[in-house]
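1. coords please:
(one chain, ligands or ions: 2)
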Amino acid sequence: MQWTLVIPLKALARAKSRLSDTADDGLRPGLALAFAQDTVAAALTCAAVRDVAVVTDDVLAGRELAALGARIVPDEPAGGLNAALTHAASVVRTRSPESPLAALNADLPALRPLELTRVLDAAAAFPRAFLPDAAGTGTTLLAAAAGRELLPAFGTDSRIRHRASGAVEITLGAVDSVRQDVDTGDDLRAALTLGVGPRTAAAVAALKAA
Ligand SMILES: Nc1nc2c(ncn2[C@@H]2O[C@H](COP(=O)(O)OP(=O)(O)OP(=O)(O)O)[C@@H](O)[C@H]2O)c(=O)[nH]1
Ligand SMILES: C=C(OP(=O)(O)O)C(=O)O
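-> Ligands and ions are numbered 1, 2, ... in the order given. Reported below is the predicted structural model:
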């Protein structure tokens, strides 16, 4: 089964505010872009992924991620993350209504295509399913079968909200790279231990050199 992924990315200048003690205002946008590039590049090489749409209004990120092969969907209706995901889901579904759909965070710089395949294969057994983040409180992936609404409830404590919404929690082991989102300096260290993609490795090297 092949999935359509929707990856949300807010404007780089506002992204990753919780990393401000790790990367200053000059370097943080580049780090956020590198996370998104490594996430999108890994997703596009995943055998279970048919296409990737990034929902963003950021011009630079849109250009760079389109160059990797992602489709760019405008960030509408300017109502925050879940509204943007619902909008993007309806846009991609008009093009491929028969595809299962999953929302994936843009901050998974250690993402491994084989682990993403395992998560998507597990999600395919349910009408809606989600993967909790490494911290155990949030969500990194929310999946909906063809014909099912995504009903995204991302944000603080989204694991509880996705569970309450009826989505089935995916409890697979050995999918750390799909769960390791990077919000804090500790998260970044954990991702580096797993092994990050080349753009994040370069951005972190620039951070250390600054
Ligand atoms: N398109 C879009 N993406 C969003 C929006 N808000 C958040 N995101 C994305 O959703 C994911 C989780 O977002 P957050 O944790 O709120 O933001 P963040 O930039 O990752 O980190 P913080 O600034 O530290 O909260 C990230 O991939 C964000 O780029 C939005 O309004 N529109
Ligand atoms: C939006 C979420 O991610 P983050 O941990 O980046 O806030 C979430 O977990 O629902």
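2. quick one, what contacts the residue nearest to residue 44 when sequence neighbours are not counted?
-> Once flanking residues are discounted, residue 44 sits nearest to residue 69: 5.1 Å by Cβ to Cβ, 6 or more residues apart in numbering. (C-beta placed from N, C-alpha, C; glycine too.) Contact analysis of residue 69 by Cβ atoms under 8 Å, 6 or more residues apart in numbering lists 40, 44, 52.
3. residue 69 and residue 36, how far apart?
-> 13 Å (Cβ to Cβ, to the nearest Å).
4. what about residue 179, distance to ligand 1?
-> Residue 179 sits 14 Å away from ligand 1, going by Cβ to the nearest ligand atom, to the nearest Å.
5. ChimeraX command for the buried members of the contacts of residue 69?
-> To isolate the buried members of the contacts of residue 69 in ChimeraX, using 16 or more other Cβ atoms under 10 Å:
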select :40,44,52
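6. with pLDDT, distance to ligand 1 and secondary structure added, can I get the contacts of residue 69 in CSV?
-> CSV is the format used below for these (pLDDT from 0 to 100; distance: Cβ to the nearest ligand atom, whole Å; DSSP: H, G, I helix; E, B strand; the rest coil):
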residue, pLDDT, distance to ligand 1, secondary structure
40, 98, 11, helix
44, 98, 17, helix
52, 98, 13, strand
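7. a markdown table for the contacts of residue 69, including distance to ligand 2?
-> Converted to a markdown table, these look like this (distance: Cβ to the nearest ligand atom, whole Å):
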| residue | distance to ligand 2 |
| --- | --- |
| 40 | 16 |
| 44 | 21 |
| 52 | 18 |
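8. now, which of the contacts of residue 69 sits nearest residue 199?
-> Checking the contacts of residue 69 against residue 199 with Cβ to Cβ, the nearest one is residue 40 at 9.9 Å.
9. wait, that closest one sits on residue 7?
-> Yes: using Cβ atoms under 8 Å, residue 40 is in contact with residue 7, at 6.4 Å.
10. anything in contact with each of these two?
-> With Cβ under 8 Å, 6+ apart as the test, residue 40 and residue 7 both reach 52, 54, 70, 106.
11. appreciated, that's everything.
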